[in-house]
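J.: Make a model of this:
(one chain, ligands or ions: 1)
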Amino acid sequence: MRTTRFAAAACAIALAFGAVNYEAEGKLWWAHVQYLASDQLQGRDTGSEGYRKAAAYVAGKFKEDGLDPAGTDGYYQPVKFEVCQIVDDKSTAALVNSDGAVEALKMGDDIVASLNPDTSRDLEAPAVFVGYGLDVPEKNYNDLDGVDLKGKIAVYLSGIPAGMPGPLAAHSQSLKERWDPLREAGAIGTIRLSNPHSMDLPWQRIALARFNPHMTFAEPGLRPANGLQLSMAMNPASTDKLLAGTGHTLDDLVKLADKHAPLPHFDLNRMVRVHIEMNQHEVEAPNVAAVLRGTDPKLEREYVVMSAHLDHLGVGKPINGDSIYNGAMDNASGVASELEIARLLHEEQTSLRRSILFVAVTGEEKGLLGSQYFAAHPTVPAGSMVADINLDMFLPLYPLHYLMTIGLNESTLGDKIRAVASREGVEVQDDKMPERNLFIRSDQYSFVKEGVPALMFGFGSLPGSREEKVFEQWIQTRYHAPSDDVNQPVDLAAAAKFNDVMLHLLVDVANDNARPAWKHDSFFARFASGR
Ligand SMILES: [Zn+2]
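T.: Here you go, the predicted model:
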């Protein structure tokens, strides 16, 4: 007899964790990761043949698991993208003094450019340092106040001023929220200065990533940053070249930013001159969507979304001789979890009141593009998506005792995950690294902006623990590197346990009488008005 994990399967509300063989289930989960992150799929870059194979695999599994197609073309929802790729050796940048003296900047070593169809091929403009570069009306905070930005490049230091809650800070730092007020103030571009204390990646890896193609929507009306003629990031080690003659150094600014203290605003002494050559073309890649129908005559028209991005970075510059960025944890792992959860729901014939909408999205690594498209053009009626449970790089590198939950205090979904996790003996932790902006860095954010309450997860740990070090080490060495592949140590049983917790969360949300709701004091509740 097959064991069922739902000890009280007949009772829709109180589901208990049944006997589950996590070792065996972990292997099934890993098999999906092994295929999706295999060299054969070439890193699943959006628009590539490898991505198409991955999409076909996911659609095939959805079908096997009895899910109905929920795309616009079977299981697919095709999305068109405009690709911009730098011709690095023909692109140049320099700083120009008022006396005409020119100091060349080296692409990669000093700066990297992020491209879009509005990127200016030739540009020379004055620059102004605008602190954190944020305009947050709800906190009466505006770095642009009284600053003349007309025709200028806004230079800012990444960071958060004091008194800014994590989610609000994260939202304010998204490309669109940051760029909109700058454009309105007349700015033509941005240069981001990084605080070396809060960088995810060593500069060397950021420099290598400049060769990756940049993408945005083919349809101009959908693009988040129209009019952005220059978008650059500067190596902390080179930043004082830009600040020369202003009386400020990066070190001084970082000391203030580390304390979340106010930053000065000042004109830079040197003009920024840039020549960019880039290649442009259009590609298409699908989101993959499938639905498991609910059984409640009314609630089946509401959808609990489970999302995970299927794309990764493709083939790039080699690191240690390996040029395939396989993206095993980022995010073959999340898609594999979706597939496992769909399989388990199918095999256990779990009865659900609401419908579950499984979406494997494209273009996440290019700026959450696939999810943004899906959330704005859902294949189900607008307003019928009641929650998004997003799975992205949850990192099962050690046993699951702590579950870090992004968005925990924003909606009633936070109460749900607390209840579900405690039944499994897992302690829920709040976002421990708000400065990493995780709430806006994965696909849940696309749903949040459409008013849909959402959560995202990662394996948690205690401060100073071995697990915390394992996590930090992973980010430093494997995150967005070719070594995030299938030859790394992963705790398969822990991944299966995570899937089990997610499965129960999904079932609880699908079967609850109440639709998930934003907390009244959540900043993000505003996006739900009018739904
Ligand atoms: Zn990623």
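
J.: now the strands for the stretch 51-200 of the chain?
T.: 68-69, 76-86, 92-96, 102-105, 111-113, 122-125, 127-130, 135-136, 141-142, 153-157, 189-193 (DSSP state E, counting those that start in this stretch).

J.: The stretch 401-531 of the chain too?
T.: Counting by DSSP E, counting those that start in this stretch, the stretch 401-531 of the chain has strands at residues 402-406, 427-430, 454-459.

J.: ranking the ones you listed by burial, who's on top?
T.: Across these, averaging neighbours per residue (mean count of other Cβ atoms under 10 Å) puts strand 454-459 on top, at a mean of 26. Where C-beta positions appear, they are placed from N, C-alpha and C, glycine not excepted.

J.: Adjacent strands (with direction) for that one?
T.: strand 385-390 (parallel), strand 402-406 (antiparallel) (DSSP bridges).

J.: Could you export the ones you listed to a markdown table, including columns for mean pLDDT and distance to His171?
T.: Converted to a markdown table, those look like this (pLDDT from 0 to 100; distance: least, Cβ to Cβ, whole Å):
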| stretch | mean pLDDT | distance to His171 |
| --- | --- | --- |
| strand 385-390 | 97 | 16 |
| strand 402-406 | 96 | 13 |
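
J.: could you check the distance from Ser333 over to Asp485?
T.: Distance of Ser333 to Asp485, computed by Cβ to Cβ, to the nearest Å: 12 Å.

J.: And these two? Which one has more around it.
T.: Per other Cβ atoms under 10 Å, whichever of Ser333 and Asp485 has more neighbours is Ser333, with 27 against 22.

J.: Any idea how many residues pack against the nearest residue to that one once chain neighbours are set aside?
T.: Nearest non-adjacent residue to Ser333, counting by Cβ to Cβ, 6 or more residues apart in numbering: Val33, 5.7 Å away. Look at Val33: counted by other Cβ under 10 Å, it has 26 neighbours.

J.: Run the chain-centre distance for stretch 394-406.
T.: Here the centre of stretch 394-406 is set off from its chain's centre by 17 Å, with Cα atoms, centre = their mean, to the nearest Å.

J.: Could you list the low-confidence segments of the chain?
T.: Within the chain, the set of residues satisfying pLDDT under 70 comprises 1-18, 435, 530-531.

J.: By residue count, what's the longest helix in it?
T.: As assigned by DSSP state H, the longest helix anywhere in the chain is helix 492-511.

J.: coming back round to it: out of the strands paired with strand 454-459, nearest to Leu503?
T.: strand 385-390 (10.1 Å; Cβ to Cβ).

J.: which other residues reach that closest one?
T.: 302-308, 334, 354, 357, 375, 378, 411, 413, 442-444, 447-448, 450, 452-456, 502, 505-506, 509, 515-516 (Cβ atoms under 8 Å, 6 or more residues apart in numbering).

J.: Which stretches in this structure count as helices?
T.: Remark: helices assigned in the chain by DSSP H are 22-36, 49-64, 166-172, 175-184, 203-209, 239-243, 250-258, 333-347, 369-376, 413-423, 438-441, 444-449, 466-477, 492-511.

J.: contacts for the fourth one?
T.: With Cβ under 8 Å, 6+ apart as the contact definition, helix 175-184 has outside contacts at 133-135, 142, 144, 149, 154, 171-172, 190, 224-228, 367.

J.: need the strands of the stretch 51-200 of the chain in CSV with mean neighbour count, can you?
T.: Output for the strands of the stretch 51-200 of the chain, formatted as CSV (neighbours: other Cβ atoms under 10 Å):
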stretch, mean neighbour count
strand 68-69, 15
strand 76-86, 20
strand 92-96, 17
strand 102-105, 14
strand 111-113, 23
strand 122-125, 14
strand 127-130, 24
strand 135-136, 21
strand 141-142, 18
strand 153-157, 24
strand 189-193, 24
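
J.: Asp258: which of those is closest?
T.: strand 153-157 (10.6 Å).

J.: Return the distance of the nearest residue to Gly163 once chain neighbours are set aside relative to Asp180.
T.: In this structure, Gly163 finds its nearest non-sequential neighbour in Lys139, 6.5 Å apart by Cβ to Cβ, 6+ apart. Applying Cβ to Cβ, the value for Lys139 to Asp180 is 17 Å.

J.: ok, now Pro202?
T.: Distance from Pro202 to Asp180, counting by Cβ to Cβ: 31 Å.

J.: The two - which one has more neighbours?
T.: In this view Pro202 and Asp180 are compared by other Cβ under 10 Å, and Asp180 has more residues nearby, 16 against 11.

J.: In stretch 194-204, which residues are buried?
T.: Neighbour counts over stretch 194-204 (16 or more other Cβ atoms under 10 Å) mark 194-195, 198, 201, 203 as buried.

J.: Tell me the one of those nearest Glu219?
T.: For the buried residues of stretch 194-204, the nearest to Glu219 is Leu201 (30.6 Å; Cβ to Cβ).

J.: isn't the closest one right next to Arg478, touching?
T.: No - in this structure, Leu201 is not within contact of Arg478 by Cβ atoms under 8 Å, at 10.9 Å.

J.: and Trp95, bridged to which residues?
T.: For residue 95 the amino acid is Leu, not Trp. Bridge pairing for Leu95 - DSSP bridges - gives Glu103, Val272.

J.: wait, Val428
T.: Leu403.

J.: wait, what's in contact with it?
T.: Val428 neighbours (Cβ under 8 Å, 6+ apart): 402-405, 408, 417-418, 421-422.

J.: how close does it sit to Gly414?
T.: 8 Å.

J.: Which neighbours do those two have in common?
T.: Joint contacts of Val428 and Gly414 (Cβ under 8 Å, 6+ apart) are 405, 408.

J.: thinking again about what came up before, so how many other residues sit close to the residue nearest to Gly163?
T.: 17.

J.: is it true that it touches Leu168?
T.: Yes - the pair Lys139 / Leu168 is scored as a contact, 7.1 Å apart, by Cβ under 8 Å.

J.: hmm, back to that, so which of the strands of the stretch 51-200 of the chain comes closest to Met271?
T.: Across these, closest to Met271 is strand 92-96 (Cβ to Cβ), at 4.2 Å.

J.: What is the closest one packed up against?
T.: Contacts defined by 3 or more Cβ pairs under 8 Å, 6 or more residues apart in numbering; DSSP states H and E place strand 92-96 against strand 102-105, strand 271-275.
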